[in-house]
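J.: the amino acid sequence is not available; the structure is as follows:
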């Protein structure tokens with residue numbers, strides 16, 4: 001079982017991993033949201049492993065892509081990062 005700190009490190013590394021695509025900007029914004037602005041990463045408590053963390057972030061990224069014309073990215077992140 002991963003500790004909260006280990007999960008947070010996985011999250012940080014994944015957000016910093018460049019894909020050389022449009023999603024890099026969204027990952028940058030997520031990085032700022034969690035690590036620069038120090039918003040809660042409590043959703044990590046409900047995830048067990050690296051795969052689940054990556055899937056959750058990919059889910060949020062897909063929602064941003066689909067809905068950013070309707071709402072601000074920050075609001076979309078808040079809406080979909082909840083558990």
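T.: Looks like it arrived, so ask away. Remember, predicted model here, so these are calculated numbers, not experimental data. Residues are numbered from 1 along each chain as shown.
J.: would you check how far apart residue 74 and residue 9 are?
T.: Distance, residue 74 to residue 9, using C-beta to C-beta, to the nearest Å: 24 Å. C-beta: built from backbone N, CA, C; applies to glycine.
J.: repeat that for residue 72.
T.: From residue 72 to residue 9 the distance is 28 Å (C-beta to C-beta).
J.: also residue 31?
T.: Separation of residue 31 from residue 9 (C-beta to C-beta) stands at 13 Å.
J.: same thing with residue 2?
T.: For residue 2, the distance to residue 9 equals 9 Å [C-beta to C-beta].
J.: which other residues reach the longest helix seen in the chain?
T.: Criterion DSSP state H: the longest helix present in the chain is helix 50-67. The set of residues external to helix 50-67 that reach it, using C-beta atoms under 8 Å, 6 or more residues apart in numbering, is 2, 7, 10-11, 14-15, 22-23, 26-27, 30, 43-44, 47, 73, 76-77, 79-81.
J.: and if we set it to 10 Å?
T.: Here helix 50-67 makes contact (C-beta atoms under 10 Å, 6 or more residues apart in numbering) with 2, 6-8, 10-11, 13-15, 17, 19, 22-23, 25-27, 29-30, 33-34, 41, 43-44, 46-47, 49, 71-81, 83.
J.: equivalent analysis for stretch 19-29, please.
T.: Residues outside stretch 19-29 that contact it (C-beta under 10 Å, 6+ apart): 14-18, 30, 36, 57-58, 60-65, 68, 73-74, 76-77.
J.: still on that earlier bit, quick one, which of residue 31 and residue 9 is more surrounded?
T.: residue 31 (16 against 12; other C-beta atoms under 10 Å).
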